[in-house]
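In: curious how this folds, go ahead:
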Amino acid sequence: MVLQVKSNGSSWLLCLGCYLFAGLIYLWPQYTWQLEYRLFYLLVLLLL
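Out: Numbering: from 1, shown residues only. Sure, this is the predicted structure:
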């Protein structure tokens with residue numbers, strides 16, 4: 001059971017990352033490019 005949760009953790013993180021990325025694209029017109037770039041860079045750092 002623990003192994004199953006562990007294996008599902010990475011896919012859950014991937015789904016969360018895709019959801020956040022879609023949210024950033026949706027909110028793109030409301031923020032400057034510089035802020036968008038910083039948020040995307042932070043997201044990449046968290047995924048790595």
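
In: low-confidence ranges, the protein, go.
Out: For the chain, residues meeting the criterion pLDDT under 70 lie at 1-9, 28-34.

In: can you pull out the strands in it?
Out: Read by DSSP state E, the chain holds no strands at all.

In: show me the helices in it, by range?
Out: All helices of the chain, identified by DSSP state H, fall at 2-27, 33-47.

In: okay if I get these as JSON lines plus mean neighbour count?
Out: Placement of C-beta: from N, CA and C, glycine included. Shown next, in JSON lines, are these (neighbours: other CB atoms under 10 Å):
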{"stretch": "helix 2-27", "mean neighbour count": "11"}
{"stretch": "helix 33-47", "mean neighbour count": "12"}
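
In: what's the spacing between Cys15 and Leu39?
Out: Look at Cys15 and Leu39: by CB to CB, to the nearest Å, they are 18 Å apart.

In: Tyr41 and Ser10: what is the separation?
Out: 21 Å.

In: swap in Tyr37?
Out: For Tyr37, the distance to Ser10 - CB to CB - is 26 Å.
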